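Peer 1: coords below, sequence missing:
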């Protein structure tokens, strides 16, 4: 199936449901081609970072689809007269695709990122919750601001040698999106997803807000309270700047 998209401040964002996204990815997994389609999550902070980071901007615009990860994107769609009415987070895509793969029963995954301790927790929980999904491999890369050629070669070789159908990357944004974008032509997987905090959400390293809080669009609040030093800038600086960007974009649109 084909996804529908709409323009949100210059980014083509998926306007479908979580089920639409999962069905699209599942269809890709049935194809023999291995050209590493990938998605990325768009939120106000990502849009603001990308305005000053050309590679990150390219990684977003070249993604096969973007999802409205932040409630700010849903509000922006409304301001711009769009149709997006629900958030689709990296965790939503991860769980939906894993559920679909578990039903298919013949697909495999590779996890790149985080620590060996977290990856071991992921391996254990996948076996319990998605027993029909094969864990093709995991890789904990060195903790450094930028990977060198040797680091990248080892990661790519590990992924390709595993024969995985799906690659989940948890290197935090924008590092993870940029890594997939820059190496997608070398990755022999059907689909790759930069899902960041989903690694920690999945195994309980970080508590995720409950369904009611998520539905209210306030999932950012408990995360801010848990990690104020890391997240205050995106909530208190990027969000207001993105709102002003959206208003200017709306005023500049013809009609």
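Peer 2: Yes, it's here. As the structure is a computational prediction, the values presented were derived from the model and not from experiment.
Peer 1: buried stuff in stretch 115-132?
Peer 2: 118-119, 121-122, 126, 130 (16 or more other Cβ atoms under 10 Å). Bear in mind the C-beta positions are built from the backbone N, C-alpha and C, glycine included.
Peer 1: Return the closest of these with respect to residue 202.
Peer 2: residue 122 (6.4 Å; Cβ to Cβ).
Peer 1: any idea how far the closest one is from residue 30?
Peer 2: 25 Å (Cβ to Cβ, to the nearest Å).
Peer 1: helices or strands next to the helix or strand where residue 202 lies in the packing?
Peer 2: Using DSSP states H and E, residue 202 sits in helix 198-203. With contacts taken as 3 or more Cβ pairs under 8 Å, 6 or more residues apart in numbering; DSSP states H and E, helix 198-203 sits against helix 90-104, helix 116-129, strand 166-170.
Peer 1: which residues are in contact with it?
Peer 2: 89-91, 94, 111, 113-114, 118, 121-122, 125, 168, 170, 205-206, 208 (Cβ atoms under 8 Å, 6 or more residues apart in numbering).
Peer 1: Surely residue 88 is in a strand?
Peer 2: No: Residue 88: not assigned to a strand; according to DSSP: H, G, I helix; E, B strand; the rest coil it is coil.
Peer 1: so what's the residue lying closest to it once chain neighbours are set aside up against?
Peer 2: With sequence-adjacent residues excluded and distances taken as Cβ to Cβ, 6 or more residues apart in numbering, residue 88 is closest to residue 67, at 3.9 Å. Contacts for residue 67 (Cβ under 8 Å, 6+ apart) come out as 13-14, 21, 39-42, 87-90, 92-93.
Peer 1: Just to check, residue 72 is in contact with residue 43?
Peer 2: Yes: using Cβ atoms under 8 Å, residue 72 is in contact with residue 43, at 6.3 Å.
Peer 1: in the stretch 151-255 of the chain, which spans are strands?
Peer 2: 166-170, 191-194 (DSSP state E, counting those that start in this stretch).
Peer 1: partners of the shortest one, with directions?
Peer 2: Sheet partners assigned to strand 191-194 using DSSP bridges are listed as strand 37-42 (parallel), strand 166-170 (parallel).
Peer 1: Kindly present those as JSON lines, with separate columns for mean pLDDT and mean neighbour count.
Peer 2: Putting the strands paired with strand 191-194 into JSON lines (pLDDT from 0 to 100; neighbours: other Cβ atoms under 10 Å) gives the following:
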{"stretch": "strand 37-42", "mean pLDDT": "98", "mean neighbour count": "25"}
{"stretch": "strand 166-170", "mean pLDDT": "98", "mean neighbour count": "25"}
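Peer 1: mind checking which of those is nearest residue 106?
Peer 2: Here strand 166-170 is closest among these (Cβ to Cβ), at 12.3 Å.
Peer 1: ok, residues contacting that closest one?
Peer 2: 29, 36, 94, 97, 101, 107-114, 159, 176, 179-180, 187, 189-200.
Peer 1: mind listing what's buried in stretch 26-33?
Peer 2: Buried-residue list, stretch 26-33, by 16+ other Cβ under 10 Å: 26, 28-29.
Peer 1: Could you do stretch 150-157 as well?
Peer 2: Neighbour-count burial for stretch 150-157 [16+ other Cβ under 10 Å]: 155-156.
Peer 1: Need the residues that contact stretch 120-139.
Peer 2: 98-99, 101-105, 107-114, 119, 154-155, 158-159, 161-165, 199, 202-205.
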